[in-house]
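Asker: have a look at this prediction, sequence included:
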2 protein chains.
Amino acid sequence: MKISALMTSAGINIGICVLLWSLYSVLRKQPAFVRVYFGRRIAEENRLLREAFILERFVPSTGWIVKALQCTEEDLLAAAGLDAIAFNRILVFSIRIFSLAAILCLFGILPVHYFGRKTHHLEIPSEQLHMFTVQNVEVQSRWLWVHSLVLYIISGVACFLLHIEYKHIARLRLLHLKRTTLNPGQFTVLVRGIPKTANESCSSDVDDFFTKYHASSYLFHQVVYKAGKVQKIMTGAKKACGKLDHSTSTDTTLDQSRKAITYPCCVCGASSNSFQLLPTDEVAKNIDNEECAAAFVFFKTRYGALLASQALQTSNPTKWVTDLAPEPDDVYWSNIWLPYKQLWIRRIATLLGSLVFSVLFLLPVTFIQGLSQLDQVHRKLPFLNGLLKQPYISQIITGYLPSVILLLFLYTVSPIMILFSTLEGPTSHSERKRSACSKVLYFFIWNVFFVNLASGAVISQLNSSSTTKDIAVQLAGVIPGQTTFFITYVLTSGWASLSSELMQLFGLIYNFIIKYVLRMKEDTAFVPTFPYHTEVPKVMLFGLLGFSCSVLAPLILPFLLVYFFLGYVVYRNQLLNVYRMRYDSGGLYWPIAHNTVMFSLVLTQIICFGVFGLKKSPVAAGFTIPPIFFILSFNQYCRTRFLPLFKTFPTQVRIIISIILQTSGE
Amino acid sequence: MKISALMTSAGINIGICVLLWSLYSVLRKQPAFVRVYFGRRIAEENRLLREAFILERFVPSTGWIVKALQCTEEDLLAAAGLDAIAFNRILVFSIRIFSLAAILCLFGILPVHYFGRKTHHLEIPSEQLHMFTVQNVEVQSRWLWVHSLVLYIISGVACFLLHIEYKHIARLRLLHLKRTTLNPGQFTVLVRGIPKTANESCSSDVDDFFTKYHASSYLFHQVVYKAGKVQKIMTGAKKACGKLDHSTSTDTTLDQSRKAITYPCCVCGASSNSFQLLPTDEVAKNIDNEECAAAFVFFKTRYGALLASQALQTSNPTKWVTDLAPEPDDVYWSNIWLPYKQLWIRRIATLLGSLVFSVLFLLPVTFIQGLSQLDQVHRKLPFLNGLLKQPYISQIITGYLPSVILLLFLYTVSPIMILFSTLEGPTSHSERKRSACSKVLYFFIWNVFFVNLASGAVISQLNSSSTTKDIAVQLAGVIPGQTTFFITYVLTSGWASLSSELMQLFGLIYNFIIKYVLRMKEDTAFVPTFPYHTEVPKVMLFGLLGFSCSVLAPLILPFLLVYFFLGYVVYRNQLLNVYRMRYDSGGLYWPIAHNTVMFSLVLTQIICFGVFGLKKSPVAAGFTIPPIFFILSFNQYCRTRFLPLFKTFPTQVRIIISIILQTSGE
């Protein structure tokens, strides 16, 4: 691909971005769409809306950008929770490290590449893109030490920055824990796998067990019954009722059960009278013959609940399984009923499902990759020759089309992965989303990064007469060569999808259809939560592309840097205005991000080892090995130093909270 | 290799075995060697030894075999602990599954192989060994369904038997836990990473911390000080003193510190006066300026200690690290002093060390593998041609020498791995041994199994003109072809090493030198513990060989079966008579064994998939895939159902113990 083709692609995307951003800055001022763009605020503040006509509304503006940038971390934490902070820090880290990488690579490495061979240089716009990659460096070049040096600086600074961020998030997580005052989740343990006994009721079983083995801190319990078919029809009827009524929230079906634990739990010393308000006794009588599925057990102290949740209860580890209960809004009710014994089968089945899905997905990706190699298209589809000879069409096909098709296919990934995660049987919304996040991340890294490299290698392979020696040479050519595709991927999937995220295309269309086509009243209670399971993997994938291409094909870095800047503005704006924080995992996305960056850094070193080896520079190749051990050691250090904080709560903090609360008289 | 060469090898080994076993049955009756062969009994019972001359002593006998077979599981548990039971069950499992496999493969698969091609059959002794392997089956043979069927039966029965054994060991572990009455380890928590404070002494720091955060169950603590250089010289002097004195035990150096915790700990309710007996106050005064390294904290109840050990203490996970303390005899004192912050570096360093060692070990193994291929020796070392043409010499070289050399090299592995495990910084002897066991196991599987296959493939490769297609064909030939080597390995490493284990060659020579050459008095207190870290991996490696060769080259099975039978007799005898149980990990070797068997079964299916694929039988190849998922599901089930019991202790059991002890008035 030529530079000019790249510019065409960049131009199209910049155009789309400018258009969508301007549209957004106009649309957000229209009262009709206020529910789309300010869902969170509306839901929180219940403000009155002005309907008057003002001309200012139809002029594009930039004030919202300033607002998004000005908001402090405290505001963001209050508005969108610790997960939002973690996501924000991922972007901040990316901006920092890739700013440094861009400066080093554009001023240090790009000249080495461009003047790597003594060839006649064309004018820059008609120069081939590979002139700017490591492909243009001569074999046994003496300039590869620049690459090694830059790699060392990037790895070192990345680890340093990661350490700062990890520390920061760990500190915030502890603060967050201390700040949470009367959080019922922290006093509650979810018990699954309650064994059946013939004579007694399930409720008294639970009571007996916890009175016997956790006598000092056990307070009360609430059994969750498995709804039979009659129950399901009833809740279905209620749901329909609620929809006709328009005044009830969409969550009606869950209200009955959710009420059971949203009453504030009392710290030790308070009476347990507050639980007599519950209407659950009647419920229990009605469905007495139903199977007992799980129970929420309340404890007097946070510490008691923590200890009970961590211990193995009986000699059969699949019975009386205890975990800290999720927050009331976070509970995923339809999975609470699942028998604990099923879970291991479900886990295997979903793992298998995800694997099969990833393999089947190879087909479109390989086809798309074929399109990006124009020579192949010419040869395989000769009837298109006339069309393809027009320079503009060919530039669009090589530069733009493949990544758009890939993008469309990728939109199916996150719904399917969240379906798999639901089937896996998590008991909370946040766990379900986090599990989907990991799945999507693995999928992206595998299907976008590795398969693109591999299919590029296979297609190049088909051309040349295959001998064993060629494979190695081809593979070395592929890694920097695929940058073309990756740069266009950043442009389309990165820039354009950010703009469509900002525009909320789906929300806009949905809102439009509801309001003007179906003429229904708007559903005021429904505000979506932030889709961490699609956005975190996307940002991490771009990080991986950035690290692995930085030294080999530095031209990708400016485009990536723009993406991260735009993302910083857009996501902050969306978190503050659009999405609601219904549940919060407490920053658990950070360890996922940390591990991915570690993986990216190690992979970068391995790729560079291969490339330097093929450039017949054993010294430069040898210098890529020590950083691998350094990075792995750093990772091990972080696992020891910070990771335990993300898995459990320190005793000290819990006890201090209890003491503070007791002395303050709560 | 011909059948007759195999028989030569088997003959030599049978001869050695019969000789050593007869020698053993004579030597064990000699009073001079009683400390070598009855170390455990002598140490326990302090029996008087008869020195009279009786002719019967010099007649080989078989009574000890009967004794070893007759002893019940209870006897073994009492004499050698739960680890010995776990090891014994590994052998029982192996005997059961390989008896079945031998019957199925010898009567079902061997005829299919032998009559696989319509060739002229020689007399069986001069038949080539590969006539009995899957190599002799025709491409696209219709008889491969026999292989699939046998594979299904073996996998299914193996999982069934494993389930029985896992259940049995888990039950014994719980019984063992319940039976242990006043075990100080269960009341004690080992605290590491105690932060330094300027003003106070370390001891009062520990006291403050546990009084504050674990007030309800904290009882008392004992600080372990790091000995400075002066201290080391003093202990060195004491050690020298002790050696001259002959009357003190070799453990003098540890006595000071060990005393601190061997006093029985009291169940809640008893006064803490029993601790005033300790001379530690004086010690503490002397070394007041020394660094405080760790502390043993005693709790009132087992449950309190368990909970305190599981919780994360402070917001810095590298400080106040708590673990359940090992039993007094199990504590590895020289590692208690290690700063907790160092451990992650040590872990990485030892991992790196083991990897480098494994890679360097490739050199002798590859060389040995070269020897076993006689054509190669002819070609590479032509001056040996005269010697090698003698049929007897060539049979010894191909059939016997390679595995003897490998065996000698492998003797260096376990000391090096236990050194690595020591450097890793475990706090107990049993943990150190278990860690070494895993390391040796990985090493064996990698260096004996995989590298032998790979080097066999590479050497065959060097012969033929290398084209891409040939590689696949060669590899398929290698897997059943290497059975020759594996059978001789079973004969030498298996049979012969069992006999040398029985003879206690090292112990015998050591005893002889001490007694008759140096004329020193025998060291009565020193009785070795059972080397689980060498014996468990050895047995598991033979299991892996058995599973992976069973269907492809069934001739290995009778030899293996003999090995397991001999092992069953020998190891029981050794556990009962020779080795002392100083510490016990409570059956934690079983999960290692279980995982290895799972790995072996999956690997068998994968190898068969490859072989059937090369035999161009897609149906048979396809049939190997479902068992893989079945085996992985079964493994996941066992992880959920049994594994947690091997990681922690159930609350129920602990509380029940406390109740029983309280009611019985202890």
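Answerer: It's in. Predicted model, so just to flag it, every value in this text is computed and none were measured.

Asker: could you pull out the strands for the stretch 251-400 of chain A?
Answerer: Remark: strands assigned in the stretch 251-400 of chain A by DSSP state E, counting those that start in this stretch are A:292-299, A:321-324.

Asker: so which of these gets nearest chain B?
Answerer: strand A:321-324 (9.2 Å; CB to the nearest CB). (Glycine included, C-beta is placed from N, CA and C.)

Asker: could you list the domains of chain A?
Answerer: A:3-180+A:345-663, A:185-326 (automatic domain parsing).

Asker: same question for the last one, mean pLDDT?
Answerer: This predicted structure assigns domain A:185-326 an average pLDDT of 64.

Asker: got the end-to-end distance for that domain?
Answerer: 6 Å (CA to CA, to the nearest Å).

Asker: can you check stretch A:100-109 too?
Answerer: With CA to CA as the measure, what separates the two termini of stretch A:100-109 is 13 Å.

Asker: quick one: buried residues of that stretch?
Answerer: The neighbour-count check on stretch A:100-109 (16 or more other CB atoms under 10 Å in any protein chain shown) flags A:100-102, A:104-105, A:108-109 as buried.

Asker: do the same with stretch A:25-32
Answerer: Neighbour-count burial for stretch A:25-32 [16+ other CB under 10 Å]: A:25, A:27-29.

Asker: how far away is A:Ser315 from B:Thr624?
Answerer: 37 Å (CB to CB, to the nearest Å).

Asker: neighbour count: the two, which is higher?
Answerer: B:Thr624 (23 against 19; other CB atoms under 10 Å in any protein chain shown).

Asker: the more buried one against B:Phe609, yeah?
Answerer: Yes: the pair B:Thr624 / B:Phe609 is scored as a contact, 4.4 Å apart, by CB atoms under 8 Å.

Asker: right, and A:Gln222 touches A:Cys292 too?
Answerer: No: when contacts are counted by CB under 8 Å, A:Gln222 is not listed as touching A:Cys292 (11.5 Å).

Asker: what number of residues lie near A:Asn447?
Answerer: So A:Asn447, with other CB under 10 Å, has 21 neighbours.

Asker: skip the chain neighbours and tell me the closest residue to it.
Answerer: Of all residues not flanking A:Asn447 in the chain, A:Phe361 sits nearest, at 5.4 Å (CB to CB, 6 or more residues apart in numbering or on different chains).

Asker: mind telling me which residue of the stretch 51-200 of chain A is nearest chain B?
Answerer: Counting by CB to the nearest CB, the stretch 51-200 of chain A gets nearest chain B through A:Leu174, at 5.1 Å.

Asker: what helix or strand is that residue located in?
Answerer: helix A:144-179 (DSSP states H and E).

Asker: pLDDT weak spots in the stretch 501-650 of chain A?
Answerer: Judged by pLDDT under 70, the stretch 501-650 of chain A has its weakly predicted residues at A:522-525.

Asker: would you mind listing what in it touches chain B?
Answerer: Residues of the stretch 501-650 of chain A lying close to chain B (CB under 8 Å from any CB of the partner chain) are A:629, A:632-633, A:636-637, A:639-645, A:647-650.

Asker: okay, and which of these map to helices?
Answerer: A:629, A:632-633, A:636-637, A:639-641, A:643-645, A:647 (DSSP state H).

Asker: which of these tops the neighbour count?
Answerer: Neighbour max across those (other CB under 10 Å) = A:Leu645, 24 neighbours.

Asker: wait, it sits on B:Thr318?
Answerer: No: counting by CB under 8 Å, A:Leu645 stays clear of B:Thr318, with 10.9 Å between them.

Asker: phi and psi next, for the residue in the stretch 201-350 of chain A that chain B sits nearest to.
Answerer: In the stretch 201-350 of chain A, the residue that lies nearest chain B is A:Pro317 (3.8 Å; CB to the nearest CB). Phi and psi for A:Pro317, reported as degrees, to the nearest 10, are phi -70, psi -10.

Asker: what about it, distance to B:Leu82?
Answerer: For A:Pro317, the distance to B:Leu82 - CB to CB - is 19 Å.

Asker: can you give me the helices in the stretch 251-400 of chain A?
Answerer: Assigned by DSSP state H, counting those that start in this stretch, the stretch 251-400 of chain A shows helices spanning A:252-262, A:280-286, A:302-310, A:333-336, A:343-372, A:374-380, A:385-388, A:391-399.

Asker: now A:Gly586: phi and psi?
Answerer: phi 80, psi 40.

Asker: can you tell me how far it is from chain B?
Answerer: Using CB to the nearest CB, to the nearest Å, A:Gly586 is found at 14 Å from chain B.

Asker: leaving aside the residues adjacent along the chain, what's closest to that residue?
Answerer: A:Leu82 (5.2 Å).

Asker: A:Leu614: neighbour count?
Answerer: 17.

Asker: how close does A:Val224 get to B:Ser421?
Answerer: 47 Å.

Asker: oops, could you answer that again for A:Tyr637 instead?
Answerer: 21 Å.

Asker: for A:Asn335, same thing?
Answerer: Taking CB to CB, one finds A:Asn335 at 42 Å from B:Ser421.

Asker: going by neighbour count, list what's buried in the helix or strand containing A:Ser4.
Answerer: Applying DSSP H and E as the criterion places A:Ser4 in helix A:3-27. Across helix A:3-27, burial judged by 16+ other CB under 10 Å covers A:3-6, A:8-10, A:12-13, A:16-17, A:20-21, A:24-25, A:27.

Asker: any idea of the mean pLDDT in it?
Answerer: Helix A:3-27 comes out at a mean pLDDT of 82.

Asker: helix or strand right after it?
Answerer: Immediately after helix A:3-27, counting by DSSP H and E, sits helix A:34-37.

Asker: who does the helix or strand following that next one touch, helix- and strand-wise?
Answerer: The helix or strand immediately downstream of helix A:34-37 is helix A:39-45, counting by DSSP H and E. Helix A:39-45 sits against helix A:556-577, with contacts defined as 3 or more CB pairs under 8 Å, 6 or more residues apart in numbering or on different chains; DSSP states H and E.

Asker: now the angle from the helix or strand encompassing A:Gln605 to helix A:144-179?
Answerer: For A:Gln605, the enclosing helix or strand under DSSP H and E is helix A:589-614. With axes from the mean of the first three to the mean of the last three CA atoms, to 10 degrees applied, the angle from helix A:589-614 to helix A:144-179 works out at 170 degrees.

Asker: coming back round to it: same for the helix holding A:Ser4, what does it pack against?
Answerer: helix A:391-399, helix A:483-489, helix A:497-503.

Asker: thinking again about what came up before, of the buried residues of stretch A:100-109, list those near chain B.
Answerer: Applying CB under 8 Å from any CB to those, none is adjacent to chain B.

Asker: contacting residues around the residue nearest in space to the middle of chain A?
Answerer: Centroid-nearest residue in chain A, with CA atoms, centre = their mean: A:Val536, separated by 2.7 Å. Listed by CB atoms under 8 Å, 6 or more residues apart in numbering or on different chains, the contact partners of A:Val536 are A:87, A:90, A:437, A:441, A:589, A:592-593.

Asker: repeat the analysis, applying 7 Å as the threshold.
Answerer: For A:Val536, the contacting residues are A:87, A:437, A:589, A:592-593, by CB atoms under 7 Å, 6 or more residues apart in numbering or on different chains.
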